[in-house]
Every structure is written in structure tokens, then in C-alpha cells.
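Asker: Quick one: sequence and predicted model below, then my questions.
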Amino acid sequence: MKNKGYFVHPTAIVEAEQVGRGTRIWAFCNIQKGARIGSDCNICDHCFVEQGVVIGDGVTVKNGVSLWNGVVIENNVFIGPNAVFTNDIYPRSKVRRDEIDKTLIQEGASIGANAVVVAGHTVGQFALVGASAVVTKDVPDFTLWFGNPAEFVGYVCKCAQRLEFPQPVDSQTGDARFARCAACGREYSLVDERVTCK
């Protein structure tokens, strides 16, 4: 059904008061009161969004994802099917801590299917976490991570294609290295292991 400019499937429960225009919430979702969802998002079947979760604009959350209080998703993030998020690194049944562990997924990042993001970490802008990877540390911008625990394996463009940074002529100088995406032509610099889009 259409409601205030966004779509809610008849089987979904949406108690949140802040849902942006153009967002679509599909079958058997449960969006709790106190969650905030931006505009033009796609929340697919069987997703749960707890109170306190913040989702930006243009976010895709595929089937079977639960987002818990303390998770913040910035604009244009992709979350693959059955990805797992936590908010307590020392959980016990019926024991509530005063503070939860926060997780931040920054603009444009992608989280692969069945990946696990352990609470208390940040996935940087346009980073890509591969399918079934387990994130146990912060993931820098424009980086690609695979495995359990997830390890750095390379760099990626905004368009998600791999980037290749040739070695500098003199590796002792720490000079910037540069790359151009073969797919879209964007240019990047790499200084002290930090990537910047030019």
C-alpha cells in the first residue's frame, strides 16, 4: 500500500514514523518505532530494523537482514542477502548492558551476502566486503576485503571494479601512487595506504 509517499507491502509491519519518500518495504518486514529510514530505499523481504537504527537515502537491504540498535547505514549502501550485524560483543541472555556497540557503514559501501560485521567497527566509503567475510576490524575507504576473519585484498573504485596502483619508482620516498579505473575512468591517489578519488 502507498502511505505518505512510500510503499509498504500488506504483510509488513512498519511502526517507524520516519520513512522517506520513494522507499519500498517488502513482504514480512518488521520496522520498529524509532527506526529512521531515508528516501528511495529498498528494504526486501524478511528484514528486521530495530528501534534506533538509522538508514540513509538510496540504501538497498536485501532479503533476510536484521539491523539492530546502534547500526548506522549511510547513503547508497548495499547490504547483501542474509548479511549479519551485531550490537553486543559480550552477549548474554536476559542481560542488558547500558551501552551498545556501534557499527557504521559509510556512504557507498557494499556488504556481500552472508557477511558478518562484528559490532564496534566502521566500514569505510565505497569499501567492498566480500560474500561470507567476517569483519573484525575497521575497513578503510575504497578497499576490498575477503575471508574469515576478513583481510585486505585490494582496492576498488566507486563503480566496484578493482583498482591497480603501480609501485612508485622509489619506494623509500613515500610518493603518491595513482590509478585510473579501467571501467569508468575515475582517477585515484594512494598516499600512506589511504585512497582518495580525484
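Answerer: Looks like it arrived, so ask away.
Asker: and the end-to-end length of stretch 164-176?
Answerer: Stretch 164-176 has an end-to-end distance of 13 Å (CA to CA, to the nearest Å).
Asker: should've said stretch 141-150
Answerer: 15 Å.
Asker: So that it lines up with my notes, have the first residue be 20 from now on.
Answerer: Renumbered: residue one is now 20, and that last one reads stretch 160-169.
Asker: Can you give me the buried ones in that stretch?
Answerer: D160, F161, T162, L163, W164, F165, A169 (16 or more other CB atoms under 10 Å). Every C-beta, even on glycine, is put in place using the N, C-alpha and C of the backbone.
Asker: Isn't the fourth one up against A152?
Answerer: No: when contacts are counted by CB atoms under 8 Å, L163 is not listed as touching A152 (9.8 Å).
Asker: Farthest pair within the buried residues of stretch 160-169?
Answerer: Across the buried residues of stretch 160-169, the longest distance by CB to CB is 17.2 Å; it joins D160 and F165.
Asker: May I see the buried residues of stretch 166-179?
Answerer: Counting neighbours by 16+ other CB under 10 Å, one finds that the buried residues in stretch 166-179 are A169, Y174, V175, C176, K177.
Asker: How about the contacts made by the nearest residue in space to C63 that is not next to it in sequence?
Answerer: Of all residues not flanking C63 in the chain, N82 sits nearest, at 4.6 Å (CB to CB, 6 or more residues apart in numbering). By CB atoms under 8 Å, 6 or more residues apart in numbering, the contact list for N82 reads C63, D64, H65, C66, P100, N101.
Asker: was I right about the second one contacting F47?
Answerer: Yep, that's D64 we're talking about. Yes: D64 lies in contact with F47 (CB under 8 Å); the separation is 5.8 Å.
Asker: Let me see the contact set for the nearest residue to A31 once chain neighbours are set aside.
Answerer: Distances taken as CB to CB, 6+ apart place C48 nearest to A31, at 4.3 Å, with adjacent residues excluded. Neighbouring residues of C48 by CB under 8 Å, 6+ apart: H28, A31, I32, V33, I62, C63, D64, H65, C66, F67, V68.
Asker: what about V72, distance to R111?
Answerer: 22 Å (CB to CB, to the nearest Å).
Asker: out of the two, which sits in the more crowded spot?
Answerer: Neighbour count, other CB atoms under 10 Å: between V72 and R111, V72 has more, with 25 against 8.
Asker: which residues sit against stretch 95-111?
Answerer: Contacts of stretch 95-111 (CB under 8 Å, 6+ apart): 63, 75-90, 92, 116, 119-122, 124-139, 150.
Asker: Type out the PyMOL command that picks the buried ones from these.
Answerer: Selection of buried members from these for PyMOL, criterion 16+ other CB under 10 Å:
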select buried, resi 63+75+76+77+78+80+81+82+83+84+85+86+87+88+89+90+92+119+120+122+124+125+126+127+128+129+130+131+132+133+134+135+136+137+138+139
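Asker: Could you list the domains of the protein?
Answerer: 21-179, 180-217 (automatic domain parsing).
Asker: Just the buried positions in the last one, please.
Answerer: When neighbours are counted by 16+ other CB under 10 Å, the buried residues of domain 180-217 are found to be L182, R196, A198, C200, Y207, L209, V214.
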